[in-house]
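Novice: give me a 3D structure for the following:
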Amino acid sequence: MRNRIKLVVLLAVALFLGACHSEGLHLGVVAPTLPLAYREASTPIAGNRGSGKPWWRAFSDPTLDAMLERSARDNPTLEQAARRLEAARALARSAASGFDPSAGLSGLANAGTGKATQDDLFRRPAQLNLEMGWDIALFGQDAKARRTADLGVEMAATDLEAARLAIAAQVASTYTRLRALQRHRRDTDEMIALLTKSQALADTKMRSGLATHAEGDTLRLRVAAASQARQQLETAIADAGQQIATLQGLSVPDPVLWRPAPQPVASAFDIRSRPADLLRRRPDVRRAELAVLQAGADLGMARTDLYPKLHLSGMIGLGTPVAGSLFGLLGGPSVQLPIFDAGRRRDVVAARAAQLEEARASYKQAVLAAYDEASSALRGLDAARENTRRLRASDKLAARSQGSADLLLRAGLSDALGVVASGLARLDLRGQLVDAVADEAEALIRVVKATGGSPFDTPEPTPTLAMSKVGG
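Specialist: From the prediction side, this is the model:
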């Protein structure tokens, strides 16, 4: 009869534990709906199709390549992110160790002032024990702990990738602006030379009575303004160089930055990939997705606190309460049943559930913000390219006009002032073209940031994340 009662009790406990284990949430990470064209259309992305090269190779600039390689190696921010990833990996290796068997040595010695003596050597108040314990994960707490730790590692890795992308984009953007400033400085030097020549011609005409002082004074003011602009360019160039040095972990800019070099020019786009897939490459979107999964894992851990806990413990040692024996053995199971805690455990579950919903809303917001940024970046790139194309065509016309003015001057059909005016007009147009080329390069960098990194290598999103369930 007693055996039957024990069997019924064991079956009831087993059924209860099974029900507890199967209970849980299974909420997938679902992205908000994007426009059909954005989810299915192929969008051109810069670079050499299928090259698998870093995105900055689109500029075909060896100096920029070297700057970015050094910043990736020596930037302090990246070093911090890498160390955080290393720490997360170290902690993840033993994340579930709290649910594995453990063992340790302990010693105990007591003394008292009583006069009673203990004749049994093995019953004296001194112990040296090997203690063992095991918190059995009845409801998958060990798997949940490992999952939470693994998600922490993935988050740290995503943070490192985000830092790499941000640093690389900042270096590339500053470098393209530096080269544009240097080109403006060369054009300003040429402008000052032309204005000085025009001023000399105006002074000659004034001395000949063919012009007034006003024309010469106007040109002198333009020379002074150009000289001031050149000084401002020098300051801006120095600032840009120092910023690049800081991003590289240096205190002094690399001298190669001061050597003459052409502007980086963004190559034509020739890669096609679904924009929605590109958005999933963004570190902030992936991190928001991981945050949903982690919130679900935290909810699952909170739910396990509602259920019983089973602990096995044992001890082998010298001086245990076993009379007449050198060694003793003691052990057995213990069960903790939550009965009343004023609702504390259920409040924790409710809080974790609310945090899960918050994470889901944050993920949706991250996707929508990424879509907005990527769409704006692509439109900006199209506009920048069109502006560059238009100014290149205008520059060709200006070059042809300047050539005609030189030809007329050599034929004696025009004066030098006409040639100077034509040269100044072309320099003004060239300055606009320099800015347009820099704007197009920076627009490309914004597209790269908005789409999460290299446009040359766009692997599919990690299936384990896309198919993961949360809250189990």
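Novice: would you map the strands across the stretch 301-450 of the chain?
Specialist: 309-318, 327-336 (DSSP state E, counting those that start in this stretch).
Novice: what's the answer for the stretch 151-300 of the chain, then?
Specialist: With DSSP E, counting those that start in this stretch as the definition, the stretch 151-300 of the chain shows strands at residue ranges 269-273.
Novice: where does the prediction get shaky in it?
Specialist: 207, 210-212, 267-278 (pLDDT under 70).
Novice: ok, now which ones touch the residue nearest to Ala441 when sequence neighbours are not counted?
Specialist: With Cβ to Cβ, 6 or more residues apart in numbering as the measure, Thr176 is the residue that lies nearest to Ala441, at 4.2 Å, once sequence neighbours are left out. Heads up, the C-betas are built off the backbone N, CA and C, glycines and all. Contacts were defined as Cβ atoms under 8 Å, 6 or more residues apart in numbering; by that measure Thr176 touches 59, 263-264, 438, 441-442, 445.
Novice: so how far is Asp61 from Thr176?
Specialist: Here the criterion is Cβ to Cβ, to the nearest Å. By it, Thr176 lies 9 Å from Asp61.
Novice: which residues do the two both contact?
Specialist: Between them, Thr176 and Asp61 share the contacting residues Pro264, judged by Cβ under 8 Å, 6+ apart.
Novice: neighbours of Arg146, just the number please.
Specialist: Neighbour count of Arg146, defined by other Cβ atoms under 10 Å: 19.
Novice: three-state assignment of it?
Specialist: Going by DSSP: H, G, I helix; E, B strand; the rest coil, the secondary structure assigned to Arg146 is helix.
Novice: for the closest residue to it other than its chain neighbours, grab phi and psi.
Specialist: When the adjacent residues along the chain are set aside, Arg146 lies closest to Ala96, with 4.7 Å between them (Cβ to Cβ, 6+ apart). In this entry, Ala96 is assigned phi and psi values of phi -100, psi 10 (degrees, to the nearest 10).
Novice: tell me the contacts of Ala96?
Specialist: Listed by Cβ under 8 Å, 6+ apart, the contact partners of Ala96 are 137, 141-143, 145-146, 149.
Novice: what subset of those residues is buried?
Specialist: Among these, those classed as buried by 16 or more other Cβ atoms under 10 Å are 137, 141-142, 145-146, 149.
Novice: between those, which is nearest Thr451?
Specialist: Of all these, the one with the least separation from Thr451 (Cβ to Cβ) is Ala149, at 29.9 Å.
Novice: what does Asn129 show for phi and psi?
Specialist: For Asn129, the backbone dihedrals are phi -130, psi 150 (criterion: degrees, to the nearest 10).
Novice: run a quick neighbour tally on it.
Specialist: By the other Cβ under 10 Å criterion, the neighbourhood of Asn129 contains 20 residues.
Novice: pairing partners for the nearest residue in space to it that is not next to it in sequence in the sheet, please.
Specialist: Distances taken as Cβ to Cβ, 6+ apart put Gly317 closest to Asn129, at 3.0 Å, once the chain neighbours are dropped. Applying DSSP bridges to Gly317 gives these bridge partners: Asn129, Gly328.
Novice: wait, what's in contact with Gly317?
Specialist: Contacts were defined as Cβ under 8 Å, 6+ apart; by that measure Gly317 touches 127-131, 327-328.
Novice: report the separation between it and Glu131.
Specialist: To Glu131, Gly317 is 8 Å away according to Cβ to Cβ.
Novice: any weak-confidence spans in the stretch 351-472 of the chain?
Specialist: 402, 404-419, 454-472.
Novice: what about the helices in it?
Specialist: Taking DSSP state H, counting those that start in this stretch to define them, one finds helices in the stretch 351-472 of the chain at 416-450, 463-466.
Novice: turn these into TSV, including mean neighbour count and distance to Val335.
Specialist: Putting these into TSV (neighbours: other Cβ atoms under 10 Å; distance: least, Cβ to Cβ, whole Å) gives the following:
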stretch	mean neighbour count	distance to Val335
helix 416-450	20	55
helix 463-466	12	35
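Novice: okay, Thr304: pLDDT?
Specialist: According to the predicted model, the pLDDT of Thr304 comes to 86.
Novice: the closest residue in space to it that isn't next to it in sequence - how many residues pack around it?
Specialist: Beyond its immediate neighbours in the sequence, the residue positioned closest to Thr304 (Cβ to Cβ, 6+ apart) is Phe139, lying 4.6 Å away. With neighbours defined by other Cβ under 10 Å, the count for Phe139 comes to 24.
Novice: pretty sure Phe139 contacts Leu306?
Specialist: No. Here Phe139 lies out of contact with Leu306, judged by Cβ atoms under 8 Å, at a distance of 9.3 Å.
Novice: that older thread, and which of the contacts of Gly317 is nearest Ala421?
Specialist: Closest to Ala421, out of all of the contacts of Gly317 and judged by Cβ to Cβ, is Glu131, at 96.0 Å.
Novice: the closest one sits in which helix or strand?
Specialist: Here Glu131 is covered by strand 126-136, with elements defined by DSSP states H and E.
Novice: list the buried residues in that strand.
Specialist: Buried residues in strand 126-136, counting neighbours by 16+ other Cβ under 10 Å, are found at 127, 129, 131, 134-135.
Novice: Pro338 contacts Arg346, doesn't it?
Specialist: No. With contact defined as Cβ under 8 Å, Pro338 does not reach Arg346; the gap is 9.9 Å.
Novice: overlap in contacts of these two?
Specialist: With Cβ under 8 Å, 6+ apart applied, the overlap between the contact sets of Pro338 and Arg346 consists of Leu306.
Novice: tell me how many other residues crowd Gly452.
Specialist: Using other Cβ under 10 Å, the number of residues around Gly452 comes to 23.
Novice: where is pLDDT lowest across the contacts of Gly317?
Specialist: Pick the lowest pLDDT in the contacts of Gly317 and you get Phe327, at 67.
Novice: what ranges does the stretch 1-150 of the chain have for its strands?
Specialist: Listed in chain order (using DSSP E, counting those that start in this stretch), the strands of the stretch 1-150 of the chain are 27-28, 43-46, 102-109, 126-136.
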